[in-house]
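**Q** What follows is a predicted structure for the sequence shown.
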There are 2 protein chains.
Amino acid sequence: MPMEPSLSVVTLGVAHFGRSLDFYKKGLGWPTKATKRNNIAFFRLNGTVLALYNKDSLAEDVGVSPKGSGFPGITLAHNVRSEKEVDTLLSKVPRLGGKVVKKAQKASWGGYSGYFSDPDGHLWEVVYNPFWKLDRKGSIVLP
Amino acid sequence: MPMEPSLSVVTLGVAHFGRSLDFYKKGLGWPTKATKRNNIAFFRLNGTVLALYNKDSLAEDVGVSPKGSGFPGITLAHNVRSEKEVDTLLSKVPRLGGKVVKKAQKASWGGYSGYFSDPDGHLWEVVYNPFWKLDRKGSIVLP
């Protein structure tokens, strides 16, 4: 195997670091040591680390133009344990600084899901999949 | 805490499912049950699941236009345990169907990293961070 199957970090490029830090740290309540004076934040999730970093700086690090628009072609999903949890979470999002992009609804594949976007438009699906179990940390146990 | 700190799935929108499946399954060697006849692939990583799905269908699921171009504002990172591992992995990428976007080099923050893109341009950083340890599954142990 040329590359171990691991995803260490997902970095979200952000336009206003403080605003995004507020959304994830105060809004969603995710633990991090980062403060507004830092220019990068790390959140330890279930195996993967989520990072927030200035979008222009991120593009500079890659060595590409920071210009980009429209659908980014990547979505993040947060699986929960019931349809009710999907509803509850999405109902809280607007007052946390996020935006509901798609109201929760039954999906053709048998699940129940909706989408919200964070302050920079990064897309999070909140989803209940009755065919997938979650372990204690919230990680999916694939059938 | 309104939302548990977990990232269940990262879905990469792809233009040609078979090509992307080949890259991740045959190229990188990541285990999955998916075949070219499926239209979605799941790879169990270290806690998070990576999914491949047609980009237009993914946008349709969100309910947004599939149009988008330029820097997506999201990068994925694969941390390894030495500078040599970064070099070795990046040297293999071209013949697996990926493209080296940034050659491995010392970073100002003290690490060593480079970037490659998958067949759809999704950006993976391959990085050695001497300040972060990895557990057995390859997950970062934040200091």
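**A** Alright, I've got the coordinates.
**Q** show me what contacts residue A:110?
**A** Remark: with contacts taken as C-beta atoms under 8 Å, 6 or more residues apart in numbering or on different chains, residue A:110 is in contact with A:129, A:130, A:131. Every residue, glycine included, has its C-beta placed from N, CA and C.
**Q** The closest residue to residue A:120 other than its chain neighbours: how many residues sit nearby?
**A** Nearest residue to residue A:120 in three dimensions, chain neighbours excluded: residue A:14, at 5.0 Å (C-beta to C-beta, 6 or more residues apart in numbering or on different chains). Counted with other C-beta atoms under 10 Å in any protein chain shown, the neighbours of residue A:14 add up to 27.
**Q** Distance of residue A:14 relative to residue B:16?
**A** Counting by C-beta to C-beta, to the nearest Å, the gap from residue A:14 to residue B:16 is 31 Å.
**Q** tell me the domain ranges of chain A?
**A** Domain assignment for chain A by automatic domain parsing gives A:1-65, A:74-143.
**Q** Quick one: these as TSV, columns for mean pLDDT too.
**A** Converted to TSV, those look like this (pLDDT from 0 to 100):
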stretch	mean pLDDT
domain A:1-65	95
domain A:74-143	94
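**Q** check contacts around the residue nearest to residue A:132 when sequence neighbours are not counted.
**A** Closest residue to residue A:132 apart from its sequence neighbours, by C-beta to C-beta, 6+ apart: residue A:140 at 5.2 Å. By C-beta under 8 Å, 6+ apart, the contact set of residue A:140 is A:79, A:129, A:132, A:133, A:134, B:8, B:9, B:44, B:49.
**Q** now the longest helix seen in chain A: how far from the chain's centre is it?
**A** Counting residues, the longest helix found in chain A (DSSP state H) is helix A:83-96. How far helix A:83-96 lies from its chain's middle: 14 Å, per C-alpha atoms, centre = their mean, to the nearest Å.
**Q** and stretch A:32-50, anywhere near chain B?
**A** Yes. Contact between stretch A:32-50 and chain B, assessed by C-beta under 8 Å from any C-beta of the partner chain, occurs at A:42, A:43, A:44, A:45, A:46, A:47, A:48, A:49, A:50.
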